[in-house]
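A.B. asks: here's my sequence, what's the structure:
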Amino acid sequence: MTMTVTLLGTGSPIPDPNRAGPATLVRGEGFALLADCGRGVLVRLAAAGLFPTGLDAVLPTHLHSDHITDLNDVITTHWVMSAAPATLRVIGPPGTAEVVDAMLAALSRDVGYRIDHHDDLTRGPDVQVTEVRGGDSLEIAGATVIAGDTDHRPVAPTVGYRIEHGGRSVVLAGDSVPCESLTALCTGADAYVQTVIRDDLVRLVPSARLNDICDYHSSVADAARTATDAGVATLVLTHYVPAIAPGQEDEWRALATAHFSGRVVLGDDLTSVEV
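C.D. replies: Numbering: from 1, shown residues only. Predicted structure coming up:
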């Protein structure tokens, strides 16, 4: 059985007219899982042929704003588009329940308006939150989801996810520098999706605030070395900082292939990889 990884959003906190915020969709026979909910995620999800009602779970890797900014949109749209009351599962690191509760509180007026207007809406969104730490494992719609600790300090705790189904495995790392637990999570995976920065280009910008991102994100070379150490088959790069300029693709790819001999995938929003 195969799984398909779709980069719904390959952007970063820097607004980009061509790239939605970080979000990755993994689909297999009978399941659809969404990792992170960056800006514009529902537009990209629709372009990939799926509405929120088709999601089996949402998997935030961490609670940085650029990774959860449109989780409220996913919650609301899942609720409104469901023909009957339906539960949205959200699985994330400790702190996720607090964030979801705050989102639901912020949406309370909207929820009230819709219940007042639509006779068939009698209650608000039903969101079931499960908080996980490294080593936790869940079964979701026939797929096994294993959480692993990552290192994005001072953002903590943060997790990556290994999705296993039909003998195939995909790892969604989120933001992280290389660490032993990430390598362990990736070991032998068919695909490893990693957010990356070009630290050489970032350091050219005379901004301390921008330069600070270099110490808690993987560079392209870092991701490639993790892929090699873990023995993965395919390295998928996303969340590019800075955005890949037209014609720079080979340059980015070369930085990875200098440290990794497997398949390297990078691309625009809606790039898909089958594993």
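A.B. asks: now the helices: where do they sit in the stretch 1-150 of the chain?
C.D. replies: Along the stretch 1-150 of the chain, counting by DSSP state H, counting those that start in this stretch, helices occupy 41-47, 65-68, 71-81, 96-106, 108-117.
A.B. asks: wait, which of those is closest to R203?
C.D. replies: With CB to CB as the criterion, R203 lies closest to helix 65-68 of those, at 20.7 Å. No exception for glycine: its C-beta is placed from N, CA and C like everyone else's.
A.B. asks: using CSV, list the CA coordinates for the helix or strand bottoming out on mean pLDDT in the chain.
C.D. replies: Of the helices and strands making up the chain, the lowest-confidence element is helix 208-211, at a mean of 80, by mean pLDDT, DSSP states H and E. C-alpha atoms of helix 208-211 as CSV (Å, rounded to 0.1, in the frame of the first residue of the first chain):
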residue,chain,number,x,y,z
ALA,A,208,19.5,40.0,14.5
ARG,A,209,15.8,38.9,14.8
LEU,A,210,16.1,37.0,11.5
ASN,A,211,19.6,35.6,12.2
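A.B. asks: how about A254, what does it touch?
C.D. replies: For A254, no contacting residues are found, by CB atoms under 8 Å, 6 or more residues apart in numbering.
A.B. asks: element containing it?
C.D. replies: Per DSSP states H and E, A254 falls inside helix 249-257.
A.B. asks: give the buried residues for that helix.
C.D. replies: 252-253, 255-257 (16 or more other CB atoms under 10 Å).
A.B. asks: and if you look at stretch 143-159?
C.D. replies: In stretch 143-159, counting by 16+ other CB under 10 Å, buried: 143, 145-152, 155, 157-159.
A.B. asks: between the two ends of that stretch, how far is it?
C.D. replies: 18 Å (CA to CA, to the nearest Å).
A.B. asks: quick check: mean pLDDT across it?
C.D. replies: On average, the pLDDT along stretch 143-159 is 96.
A.B. asks: which residues does stretch 7-24 contact?
C.D. replies: By CB under 8 Å, 6+ apart, the list of residues contacting stretch 7-24 reads 5-6, 25, 34-41, 43-45, 48, 65-67, 69-70, 172, 193, 195, 236, 238-243, 267-272.
A.B. asks: any idea how far that stretch is from the chain center?
C.D. replies: Counting by CA atoms, centre = their mean, to the nearest Å, stretch 7-24 is centred 11 Å from the centre of its parent chain.
A.B. asks: cool, stretch 62-80 as well?
C.D. replies: Put simply, stretch 62-80 sits 12 Å off its chain's centre (CA atoms, centre = their mean).
A.B. asks: CA-only coordinates of that stretch in CSV, if you can.
C.D. replies: The C-alpha coordinates for stretch 62-80 follow below in CSV (Å, rounded to 0.1, in the frame of the first residue of the first chain):
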residue,chain,number,x,y,z
HIS,A,62,4.3,22.7,17.9
LEU,A,63,2.4,25.8,18.9
HIS,A,64,4.3,28.5,17.0
SER,A,65,1.8,30.9,15.4
ASP,A,66,2.8,30.2,11.8
HIS,A,67,2.0,26.5,12.3
ILE,A,68,-1.4,26.9,13.9
THR,A,69,-2.7,30.2,12.6
ASP,A,70,-5.5,28.6,10.5
LEU,A,71,-6.4,25.8,13.0
ASN,A,72,-9.4,27.9,13.9
ASP,A,73,-10.5,27.9,10.3
VAL,A,74,-10.2,24.1,10.1
ILE,A,75,-12.3,23.8,13.3
THR,A,76,-15.0,26.1,12.1
THR,A,77,-15.2,24.7,8.6
HIS,A,78,-15.2,21.1,9.7
TRP,A,79,-18.1,21.9,12.0
VAL,A,80,-20.2,23.9,9.5
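A.B. asks: that concludes my questions; thank you for your assistance.
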